[in-house]
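In: Structural data only, the sequence is not supplied:
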Ligand code: T4K
């Protein structure tokens, strides 16, 4: 496993730094249930994400699922199928109906030109995804949401640390749900957070992550157990100290990929979005077989033979999952289908050596015919 290069590798603080951060837990024996580390992490995140309103959760999925529950929604939620299972599952597990909007062929986020046509009397919310850390067209989504009085919940799992026009990405929509999973730009081992506008939503989320318990003798909601424990909060505190260095290292790696692959015909690289402070979360490449001469599957296999674990994020589309028993028509999202059949996300993590980036690119270029 050690000589393999996988799609990502968790960022970790120095062991001593983490040990130092968790040592007080041996005195307090307070390990979970919104303890001092949880509170400290929440406060640090508020500063970093430039918001007053953050609720910490056990993972990004529960952030999505409980946010929908806290909003008491009913009916249809417009979302995209080019995402991780979590986005669609959060909608379905709330008894809501996902309605799939196609994606923009450049950003892979929701195609806002197709959004309005999907709104019906049953639509209650929009759940767009800042996929790969590419920022959705937040202005147009806000305009449409206001016009039809819809809630906007961003799946911001990939966009920690980003800004749009100088404004923290945490400040868009009614809520933005982040993932701090081990595989993300920023991790707290497992973890997630919701940033929100309305304080009442925060109070509900606080209860919902703790079984719906509102007071010592009052259980007001049918909640879950989705609390972040103290060890995860401590990891988050440590990793947050280094986040800007991490993003800078990623930027250098992405630049190198671009230098090597930009001019190769048949490859489409992820764009540099204007007015976005990027976190360089993923490096997706679209392989147009007819021009490049080799298919995504061939490249995937060739890389694997060389010990390189690129991934097909996000294939298959969520609207084709077996668990939905053919409920959705994939032909309604043709751009998402096209991209999902051709995309590979290449290895990208802060400690990835530039020589390895060159090797990965050379293997890809050798496949061109
Ligand atoms: N919304 C979106 C758009 C998401 O992408 C996700 C999660 C969510 C919501 C939900 O957030 P969470 O509930 O997960 O917080 C991974 C992650 O598990 C998942 O968090 C992530 N998206 C998804 C895109 O990727 P897998 O099944 O591909 O992970 P896995 O185990 O194959 O790991 C990928 C690579 O990461 C490994 O090859 C090596 C590396 N790795 C993995 C682990 C577990 C590490 O370096 N350290 C580790 O501890 O889903």
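Out: Here it is on my side, so go on. Owing to the predicted nature of the structure, the values given are computational and were not obtained by experimental measurement.
In: For the stretch 201-350 of the chain, just list every one of the helices.
Out: Shown for the stretch 201-350 of the chain, the helices assigned by DSSP state H, counting those that start in this stretch span residues 230-241, 243-261, 289-292, 296-305, 334-342.
In: Pick the most buried one from those helices.
Out: Each of these was given a mean neighbour count from mean count of other CB atoms under 10 Å, and the largest, a mean of 23, is that of helix 230-241. Where you see a C-beta, it was placed from the backbone N, CA and C, and this is true even at glycine.
In: How about the contacts made by the residue in the stretch 51-200 of the chain that the ligand sits nearest to?
Out: The ligand sits closest to residue 60 of the stretch 51-200 of the chain, with a gap of 2.7 Å, by CB to the nearest ligand atom. Applying CB atoms under 8 Å, 6 or more residues apart in numbering to residue 60 gives the contacts 86, 157, 177, 178, 179, 180, 181, 191, 192.
In: a markdown table please, covering the residues you listed and showing neighbour count and pLDDT.
Out: Putting the contacts of residue 60 into a markdown table (neighbours: other CB atoms under 10 Å; pLDDT from 0 to 100) gives the following:
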| residue | neighbour count | pLDDT |
| --- | --- | --- |
| 86 | 24 | 98 |
| 157 | 28 | 98 |
| 177 | 31 | 98 |
| 178 | 31 | 98 |
| 179 | 29 | 98 |
| 180 | 31 | 98 |
| 181 | 20 | 98 |
| 191 | 28 | 98 |
| 192 | 28 | 98 |
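In: Mind checking which of the residues you listed are in strands?
Out: 177, 178, 179, 192 (DSSP state E).
In: What's the mean pLDDT across stretch 96-112?
Out: Averaged across stretch 96-112, the pLDDT comes to 98.
In: next one: stretch 18-37 to chain centre, how far?
Out: Centre-to-centre, stretch 18-37 and its host chain are 28 Å apart (CA atoms, centre = their mean, to the nearest Å).
In: what mean pLDDT does it have?
Out: 98.
In: what's the answer for stretch 253-264, then?
Out: On average, the pLDDT along stretch 253-264 is 97.
In: and it, how far out from the chain's middle?
Out: Using CA atoms, centre = their mean, the mean C-alpha position of stretch 253-264 is found 23 Å from that of the whole chain.
In: which residues touch it?
Out: 267, 269, 280, 283, 285, 292, 346, 348, 350, 352, 354, 357-358, 361-362, 364-365, 368.
In: Of the residues you listed, grab the buried ones for PyMOL.
Out: Here is the PyMOL selection string for the buried members of the contacts of stretch 253-264, based on 16 or more other CB atoms under 10 Å:
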select buried, resi 267+269+280+283+285+292+346+348+350+352+357+361+364
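In: quick one, what contacts residue 128?
Out: Contacts of residue 128 (CB under 8 Å, 6+ apart): 79, 80, 109, 110, 136, 141, 152, 154, 155.
In: and the ligand, which of those reach it?
Out: Checking those against the ligand by CB under 6 Å from any ligand atom, the ones in range are residue 155.
In: Redo the contacts of residue 128 as JSON lines? Include neighbour count.
Out: What follows is the contacts of residue 128, written out as JSON lines (neighbours: other CB atoms under 10 Å):
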{"residue": "79", "neighbour count": "27"}
{"residue": "80", "neighbour count": "30"}
{"residue": "109", "neighbour count": "25"}
{"residue": "110", "neighbour count": "27"}
{"residue": "136", "neighbour count": "30"}
{"residue": "141", "neighbour count": "22"}
{"residue": "152", "neighbour count": "22"}
{"residue": "154", "neighbour count": "28"}
{"residue": "155", "neighbour count": "30"}
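In: Filter the contacts of residue 128 down to the ones in strands?
Out: Filtering these for membership in strands, criterion DSSP E, returns 79, 152, 154, 155.
In: and the residue lying closest to residue 183 once chain neighbours are set aside, what element?
Out: Once its chain neighbours are removed from consideration, residue 183 has its nearest residue in residue 8; the separation is 5.0 Å (CB to CB, 6 or more residues apart in numbering). Per DSSP states H and E, residue 8 falls between elements, in no helix or strand.
In: I figured residue 8 was touching residue 351, is that so?
Out: No - when contacts are counted by CB atoms under 8 Å, residue 8 is not listed as touching residue 351 (10.3 Å).
In: Look at the two and report which has more neighbours.
Out: Between residue 8 and residue 351, counting by other CB atoms under 10 Å, residue 8 is the more crowded of the two (21 against 12).
In: check contacts around that one.
Out: If you count contacts by CB under 8 Å, 6+ apart, residue 8 has them with 183, 347, 348, 349.
In: Please repeat the previous calculation with a cut-off of 10 Å.
Out: When contacts are counted by CB atoms under 10 Å, 6 or more residues apart in numbering, residue 8 is found next to 182-185, 187, 281-282, 309, 311, 345, 347-350, 352.
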